[in-house]
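J.: A structural model of the following input is requested.
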Amino acid sequence: MTHDQDIETLIVAAHTLTRLAALETANDTPAAQWRTLTILRDNGPLRIGELARLSRVTQPGMTRLVGNMVEQGLLTRTTDAADSRATVVEATPLGLEALHTWLLHLTSALAPRFEDLTEQEWDALRTTARVLTRNLDRAASVEAAR
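T.: Predicted coordinates:
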């Protein structure tokens, strides 16, 4: 197997894991909402345009999603101090708590699929997670510097 094939396998497995998690939790909240909360948790307050770019949705689509999430109390929307034409979005404590609760729910829903792992396999998963996190954080830093 080539390195490219290994990366492809990781991507497909991650998508499958995400899809299974959604099915097993029977959560009907749009994935875009969880993705938005995660992005804001990890990056802090962002302009709607930047949030849309990071989430890979259109700006009008993000504006609609943010509006819905503001109504639910998950986000706040304020005017950018540097440019009054721009809107900055931030996760509220309620939004961060909802995200935390959802992640706990996902973990418990998927835990049975991992019950048969050996300690060596758990070590391999931990190492893989650390490597992915390190490399993805590095890529995000490079992207932010652009």
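J.: Just give the number of residues close to Ala111.
T.: Applying other Cβ atoms under 10 Å, we find 9 residues neighbouring Ala111. Glycine gets a C-beta too; all of them are placed from N, C-alpha and C.
J.: for the chain, what spans make up the helices?
T.: Taking DSSP state H, the helices of the chain run over residues 3-25, 31-43, 48-55, 59-71, 93-110, 119-145.
J.: Of all the helices and strands in this protein, which has the lowest average confidence?
T.: Each helix and strand of the chain was given a mean pLDDT (mean pLDDT, DSSP states H and E); the minimum falls on helix 119-145 at a mean of 81.
J.: Which strands or helices does that one pack on?
T.: With contacts taken as 3 or more Cβ pairs under 8 Å, 6 or more residues apart in numbering; DSSP states H and E, helix 119-145 sits against no other helix or strand.
J.: Distance from the chain centre to stretch 23-32, please.
T.: Its chain's C-alpha centre and that of stretch 23-32 lie 13 Å apart, by Cα atoms, centre = their mean, to the nearest Å.
J.: who touches it?
T.: Under the contact criterion Cβ atoms under 8 Å, 6 or more residues apart in numbering, stretch 23-32 has outside partners Thr18, Ala22, Ser55, Val57, Leu65, Trp102, His105, Leu106, Ala109, Leu110.
J.: Buried members of the residues you listed into PyMOL, please.
T.: This is how PyMOL selects the buried members of those, with burial counted by 16 or more other Cβ atoms under 10 Å:
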select buried, resi 22+55+57+65+102+106+109
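J.: Sketch out the low-pLDDT regions of this structure for me.
T.: The chain contains residues with pLDDT under 70 at 138-146.
J.: Run me through the strand neighbours of the lengthiest strand in it, direction for each.
T.: When the chain is parsed with DSSP state E, its longest strand is strand 83-91. Here strand 83-91 has these sheet partners by DSSP bridges: strand 46-47 (antiparallel), strand 75-80 (antiparallel).
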